[in-house]
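>>> coords below, sequence missing:
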């Protein structure tokens, strides 16, 4: 496909592992509190969920970082918890605390009661509407990333009812009720596949799976309860490239590389050379500057960003190693993005 | 020293890397809520800090797991946050939430105002009293472990004012004010050295450093802001073996092996073979069963424990990969401990 792919935007060429003039750059959580324009928009929605469910607002939030920062990709403004909600587990977003599920999964009957697959994915029309609207507004400027939580991470929220220091309720279930765990993970997976297919039909050019709590599992459990479901999802949607970002899962890089995904996201703990040795030559790596590096002065940010680009070498999409922290100074974010935008592999040829 | 060491208790022989008849076993947080006797004792002290500061109670809590579970070592009942308190930063223990510091470190003046070294360590007489009392009551049954938080982890609490999802305030300071960070880390280190020396004088047979938030740092920062201070502490106290447990610091195993410590604790993410390849033949490894494995049935716990012992092979102290979770069934804890106590390397010879 070289002749077809050469017209693709930088981000999608890089995601396919093609040689590119510079690595593309975007930030996880770029549509968010770092932007004054986002905070102004958010002020109209005291309820976070009303914001997420409003396609106009979600689309505007998605476009802001493209307009303001000049990043190489947009990622649809949404939340990974819309999936458990669509399956029948309602959540609240508690200001400054995070999500809370009034009901959690406690037994087989609760698992059986959950909706799944296309029937659940149908309830997420507001996401598809936001994607279509954003795609139209982008008008080909940059690609649009769709996303979902990875099944283990959604499972963890469904069992814990929110964030947790140890995720011991969710991890306990894997030991105490492995078969029921697989039933629930399969229902989440079926829903996620249906959801992501609809995202692609609505304009998503690449899909990212966020496995935020990957690092809580021992390697054997990650291999048993996480990887097979990631694999199913990747295999079910061959139309677009897939990125897996499994935070903390340094021990599973070989397993992730064996999935049918094109890009593997790295957190800020993982040295690029370690990751490359584990995943082999093929996968594109995404990441992984420490988000806290953006609290430093401009010069330090530039140096750290250039050093990171040099260390990854090639087959690299620039990002942070985690979502940008909400209190990051906008100047720090700009210094990071601009350093990549201005980067030229061989400055003598320009 | 072979002739001298052969009379040492199992735990200390194993910590020195000597061949032992079976690996010793103890659990991080074994003196705690898993034991009904602990909960009964704790009920007399509505204020957690009053409990910690009462040498009779601390000694009783320390002895309970030795009496009840038959573990191969006692660890003094205390808290890593007594060090920042002794330096001048008071904390509260909020029930079911964890520690909270009403004042945090925000600038150079706050760092300068902290006490350090022997002057701070002097305030921890209640810990030394508890150690002396416990040592006497143990009467040589099993060795007594002393401990402290690692400087980076104490630094993180001092900056954050408690636990945190991202530790971004503490990590921010490393980027924004590296020199002031080193000043604070050195003050914590000086205090920790004085504190641990007094613990050894009071009867501690081995010292463990808990670096609970090690995994939050990028490898380069861990090398700059954590390892040199761990090194200083280990080198300053040659009298007893030292264990470093740096949770999440899989990327720093070589650095830890280069410290003057004898034992390296592993969390449940780190495959034993990975650790051994990184640290070399010499260090003893401690860990690392997933604490959630103890929620399973007895047979599964026995199998998982035996499998772990086989995987580590030798130079191994059995423990969990994290502190035992407070709601772990006591039967699960017993199944784990008993499996190790009954283990024989070569059953045919017994």
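That came in fine, so what should we check first? The structure displayed is predicted, hence computed values, not measured ones.
>>> bridging residues for the residue in the stretch 1-150 of chain A positioned nearest to chain B?
Minimum separation of the stretch 1-150 of chain A from chain B (C-beta to the nearest C-beta) falls at residue A:98, amounting to 7.9 Å. No exception for glycine: its C-beta is placed from N, CA and C like everyone else's. In this entry, residue A:98 is beta-bridged to residue A:94, by DSSP bridges.
>>> What about it, how many residues nearby?
For residue A:98, the count of nearby residues is 14 (other C-beta atoms under 10 Å in any protein chain shown).
>>> can you map out the helices along the stretch 51-200 of chain A?
Using DSSP state H, counting those that start in this stretch, the helices of the stretch 51-200 of chain A run over residues A:55-69, A:82-87, A:108-113, A:118-121, A:125-138, A:151-160, A:168-176, A:178-201.
>>> quick check: mean pLDDT across the second one?
Averaging pLDDT along helix A:82-87 gives 98.
>>> list the helices and strands it packs on?
helix A:118-121, helix A:151-160, helix A:178-201 (3 or more C-beta pairs under 8 Å, 6 or more residues apart in numbering or on different chains; DSSP states H and E).
>>> Which positions in the stretch 1-150 of chain A make contact with chain B?
Within the stretch 1-150 of chain A, the positions near chain B by C-beta under 8 Å from any C-beta of the partner chain are residue A:98.
>>> what about the helices in the stretch 201-350 of chain A?
Using DSSP H, counting those that start in this stretch, the helices of the stretch 201-350 of chain A run over A:219-225, A:227-236, A:253-258, A:272-279, A:298-312, A:330-341.
>>> and of the ones you listed, who's closest to residue B:14?
helix A:219-225 (25.0 Å; C-beta to C-beta).
>>> Any buried residues in that closest one, and which?
Buried residues in helix A:219-225, counting neighbours by 16 or more other C-beta atoms under 10 Å in any protein chain shown, are found at A:219, A:221-222, A:224-225.
>>> of those, closest to residue B:281?
Taking C-beta to C-beta as the measure, residue B:281 sits nearest to residue A:219 out of the buried residues of helix A:219-225, at 22.8 Å.
>>> Tell me if I'm right that the closest one and residue B:271 touch.
Yes - if you go by C-beta atoms under 8 Å, residue A:219 and residue B:271 touch, sitting 5.9 Å apart.
>>> Overlap of the contact sets of the two?
Shared contacts of residue A:219 and residue B:271, defined by C-beta atoms under 8 Å, 6 or more residues apart in numbering or on different chains, comprise residue A:251.
>>> check contacts around the residue of the stretch 1-150 of chain A closest to chain B.
Residue A:98 makes contact with A:162-163, B:165, according to C-beta under 8 Å, 6+ apart.
>>> which of those are buried?
residue A:162.
>>> Next step: the contacts of residue A:98 restricted to strands.
Here DSSP state E is the test, and the contacts of residue A:98 give no hits in strands at all.
>>> For the stretch 151-300 of chain A, what lies in contact range of chain B?
Residues of the stretch 151-300 of chain A lying near chain B by C-beta under 8 Å from any C-beta: A:163, A:165-166, A:168, A:171-172, A:174-176, A:215, A:217-219, A:221, A:248, A:250-251, A:268-271, A:274, A:290-293, A:295-296, A:300.
>>> so where's chain A uncertain?
Applying pLDDT under 70 to chain A picks out residues A:1-6, A:346-350.
>>> how about 80 then?
A:1-6, A:95-96, A:345-350 (pLDDT under 80).
>>> hang on, the earlier thing: what's the most buried one of the helices of the stretch 51-200 of chain A?
Of those, the one with the most neighbours on average (mean count of other C-beta atoms under 10 Å in any protein chain shown) is helix A:151-160, at a mean of 26.
>>> Other residues contacting that one?
A:80-81, A:83-84, A:89, A:91, A:99, A:101, A:104-105, A:149, A:164, A:167, A:169-170, A:173, A:181, A:184-185, A:188-189, A:192, A:210-214, A:216-217, A:222, A:225-226, A:229-230, A:233.
>>> Any idea which of the helices and strands packed on helix A:82-87 gets closest to residue B:48?
Among the helices and strands packed on helix A:82-87, the nearest to residue B:48 by C-beta to C-beta is helix A:151-160 (24.4 Å).
>>> Specify the angle between that closest one and helix A:227-236 in degrees.
130 degrees (axes from the mean of the first three to the mean of the last three C-alpha atoms, to 10 degrees).
>>> Contacts only, for the residue nearest to residue A:30 when sequence neighbours are not counted.
Of all residues not flanking residue A:30 in the chain, residue A:65 sits nearest, at 4.0 Å (C-beta to C-beta, 6 or more residues apart in numbering or on different chains). Neighbouring residues of residue A:65 by C-beta under 8 Å, 6+ apart: A:26-27, A:30-31, A:35, A:71, A:74.
>>> which residues does residue A:253 contact?
By C-beta under 8 Å, 6+ apart, the residues touching residue A:253 are A:264, A:270, A:275, A:278-279.
>>> Which single one of those is nearest to chain B?
Chain B lies nearest to residue A:270 out of the contacts of residue A:253, by C-beta to the nearest C-beta, at 7.4 Å.
>>> pretty sure that closest one contacts residue A:250?
Yes - here residue A:270 lies in contact with residue A:250, judged by C-beta under 8 Å, at a distance of 5.1 Å.
>>> what do those two both touch?
Common contact partners of residue A:270 and residue A:250 (C-beta under 8 Å, 6+ apart): residue B:251.
>>> and residue A:274, how many neighbours?
Look at residue A:274: counted by other C-beta under 10 Å, it has 16 neighbours.
>>> wait, doesn't it sit right on residue A:250?
Yes - with contact defined as C-beta under 8 Å, residue A:274 reaches residue A:250; the gap is 7.3 Å.
>>> which residues do the two both contact?
In contact with both residue A:274 and residue A:250: residue B:251, using C-beta under 8 Å, 6+ apart.
>>> Next, count neighbours for the residue nearest to residue A:175 when sequence neighbours are not counted.
Excluding the flanking residues, the one nearest residue A:175 by C-beta to C-beta, 6+ apart is residue B:296, at 4.1 Å. Residue B:296 has 22 neighbouring residues, counting by other C-beta under 10 Å.
>>> Touching, residue B:296 and residue A:177? I think so.
No - counting by C-beta under 8 Å, residue B:296 does not reach residue A:177; the two are 9.8 Å apart.
>>> hang on, the earlier thing: and the buried residues of helix A:219-225, which is closest to chain B?
Closest approach between these and chain B, by C-beta to the nearest C-beta: residue A:219, at 5.9 Å.
>>> correct me, but residue A:45 touches residue A:56?
No - counting by C-beta under 8 Å, residue A:56 is not a contact partner of residue A:45; they are 11.0 Å apart.
>>> Could I get the phi/psi values of the residue lying closest to residue A:326 once chain neighbours are set aside?
Nearest in space to residue A:326, with sequence neighbours left out and distances taken as C-beta to C-beta, 6+ apart, is residue A:33 at 3.8 Å. Phi and psi for residue A:33, reported as degrees, to the nearest 10, are phi -60, psi -20.
>>> So residue A:33 is in contact with residue A:41, correct?
No - between residue A:33 and residue A:41 there is no contact, the gap being 10.8 Å when judged by C-beta under 8 Å.
>>> So between those two, which is more surrounded?
Taking neighbours as other C-beta under 10 Å, residue A:33 and residue A:41 compare with residue A:41 leading, 20 against 14.
>>> rewinding a little: I'd like to know which of the helices and strands packed on helix A:82-87 is closest to residue B:13.
Using C-beta to C-beta, the nearest of the helices and strands packed on helix A:82-87 to residue B:13 is helix A:178-201, at 38.0 Å.
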